[in-house]
Each structure stands twice: as C-alpha cells, then as structure tokens.
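Asker: any chance you could fold what I've pasted below:
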Amino acid sequence: MKIGIAAGYWTSRPPRDVDGRLAAAEEAGVESFWTAETYGSDAIAPLSWWGARTGRMRLGTAVCQMSARTPTALAMAAQTVDHLSGGRMVLGIGASGPQVVEGWYGQPYPRPLERTREYVEIMRRVWAREEPVRFEGKHYRLPYQGGAGLGKPLRSTVHPVRRDVPVHLGAEGPKNVALAAEIADGWIPLWFSPKSDDFYRAALAEGFARPGARRGAEDFEVAGVVWAVEGEDVEAAAAKLKPTIALYVGGMGAKGTNFHLDVFERMGWGEECARIQDLYLAGRKQEAADAVPTAMVEDVALVGPAEKICDDLKARWLGTCLTTLVLGGWPRAELCARLVETAAGR
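Answerer: Numbers count the residues shown, from 1 in each chain. Here you go, the predicted structure:
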C-alpha cells in the first residue's frame, strides 16, 4: 500500500503552511498529493499551485466534479497540469449529487453513469490527439448541434506528455464502483471502511469481468481518503471528525437521496444515520455531530495515539482493496513517515 496526503477543499481560508507540510510529507516518503472541490475552492488551481512545490509526488484530484466543466475543458486542464508536472497528473472525477449538480452548476443530474461513460471517452479522445474530436452521445455532442451552426471538429493544439492521463472515478454505490473497474484506471472511495471490503471487492470484480474492461485487479488503483487525527485521547480525536461526518450524513444530500448516508447504512449504522440526518436537517448541527458514535468514526478513520493509528492501519486496513491510503487532516510528518513504513510492511 502507498501513502498519499490530501489537502481537500476549504471554507474561510486555505490550509496554512501547505508548502512546508508538503515538503515534509515528501521527505517522509508520501507518494501522492490530492485536492478536492465541492462548491467553493476548486481542485485544479490548488493542485497546480501547491504541486509546483513538489518534486516527485503524483498530483491527483479527489475529485473534480464533472458538471463543473465540459469534458474537453477538463481534458485541457488535466493535460496542462500533466505537462507542467512532467507527467504526474492523476485525474479523479465524480458525478457528485443532484443538489450540487442542479443547484450549483445548473446542470441536469439524471443518468450519471451514462454521462460518466461519455465524459471519459471524450477526454481520452482529446489526449489521444489522433483526429479532430467528434462525438455523438446522449449527453454530449461535438460539435454542438444548433447555435450559430458554425461549430467544427477540433484537435487539441497541445501535444500531450502522455496520451492516456490516468482517470480515477469517485464512486460510492456498487454500480458506480463497477463502472470505475470497467472504464477507469482507478477508483476513489469516500468513507471507505475495512468492514465493507468484501462488498466493494464484489462490485469491482463485476466491472473487471465486463467485456472490454480497461484493467484488471492487478493494475487498478484504489485510492481512498482516510482521515488521520492524532491525539492521546481517542474520544477527543474522534470528536474532531464528528462534525464532518454529520455534515456528509446529514446535509450532503436530500432526505431519501444521500449517497454518503447510504455508505454508512451499509456498514450497519442505519439507526444512527437516521437520527443524525433528522437533527442536521432541523438545523441542530451540534446535536447531529454529538449523535455520531466514536465507533462510527473509527470505522472510516484513523484516530488516537500514533502507536494505535499505526497498529490499526496494519491490523485493519492493509488487507483491504485499498492500494493507496490518502491521509486527510494533514497529520504531522513524523506520523506520515511511520505510516509509510507500516504500509510498506517494514
């Protein structure tokens, strides 16, 4: 297992001293650096800005939201970063959810799997640069049909560093996970738990078995963001993550349509999720956070003293389908180094 580190997205201000933290993480042996976006800070600009301070780390998005950009626009951004970084870009994309897609981007959400398949195909045609890009899909058409009537197929002016930038799909449900295994180079789970490993392995196996599947289990990356919160008191460390889990379970989706809540329900936290969501949607956010059990946090995160975190990684996480564990929460460099050693089996 490889170890990465995530900056995520931010609210009031960017995280502090990212340059210093990245340098220390790279020195500690951390292999990749990942950014994210929701409906505030974007993923590409910070990846380029901070990634320029690194020398060897792979640079990934976990994830770019598809509805934020047309397929050709994201293909342009990815090949630009790939050029500037000397071939280190990993493009993680995701369909997001209907509240964000329709409420923030003003785009239709239905049939996300179908849209994802078309989106990835268009990006690969851009990077291949074999001919001007033409595409006739249900969701995307190049050139555009209508408008001024003057659209023409175009080929990227950029000769790419790589004609096949790695594409990872962010996915939580079994159908999306299977799609990732079929058409992508990797899968980015959110709120992955070792107790759900068999469930996800089955979904991945379904995708790998489909005709024309791009990869197999042996050369497919699973890069999951796992928060690491260090502290001598396990309860206090877990408490730092409870508001985030309450936000995703309670507020990142509507009643009856919340993919993050579904993930925790599959782990066996159905009753707790219902209470958390009711409290959060009622505006009682602190009570919602307080309703998150510490055991629920420990299902999806590494919390507590450094020794416990390393022991938990070795005992519970190393045997899962994760091939890259992306540390959220900016753990200190010394802990990163210990986790790199543990993940390497040393």
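
Asker: burial check on Ala337, number of neighbours?
Answerer: By the measure other C-beta atoms under 10 Å, the count of residues near Ala337 is 17. Every C-beta, even on glycine, is put in place using the N, C-alpha and C of the backbone.

Asker: what do you get for the one 4 residues further on?
Answerer: Neighbour count of Glu341, defined by other C-beta under 10 Å: 14.

Asker: pretty sure it sits in a helix.
Answerer: Yes - under DSSP: H, G, I helix; E, B strand; the rest coil, Glu341 falls within a helix.

Asker: name the nearest residue to it, sequence neighbours excluded.
Answerer: Nearest non-adjacent residue to Glu341, counting by C-beta to C-beta, 6 or more residues apart in numbering: Gly29, 7.9 Å away.

Asker: same check, this time on Arg58
Answerer: Spatially, and ignoring its direct neighbours in sequence, Arg58 is nearest to Ser32 (4.1 Å; C-beta to C-beta, 6+ apart).

Asker: so what sits opposite the one you found in the bridge?
Answerer: For Ser32, the beta-bridge partners are Gly4, Arg58 (DSSP bridges).

Asker: check Val229 too.
Answerer: Bridge pairing for Val229 - DSSP bridges - gives Val303.

Asker: from Ser41, how far out is it?
Answerer: Remark: distance between Val229 and Ser41 (C-beta to C-beta, to the nearest Å) = 22 Å.

Asker: higher neighbour count, these two?
Answerer: For Val229 versus Ser41, neighbours defined as other C-beta under 10 Å are more numerous around Val229 (21 against 17).

Asker: what sits against the more buried one?
Answerer: Residues near Val229 by C-beta atoms under 8 Å, 6 or more residues apart in numbering: 237-238, 240-241, 301-303, 329, 331.

Asker: farthest pair within the residues you listed?
Answerer: Checked with C-beta to C-beta, the contacts of Val229 reach their widest spread between Ala238 and Pro331, with 14.8 Å between them.

Asker: any idea how far stretch 284-301 is from the chain center?
Answerer: Relative to the mean C-alpha coordinate of its chain, stretch 284-301 is positioned 21 Å out (C-alpha atoms, centre = their mean, to the nearest Å).
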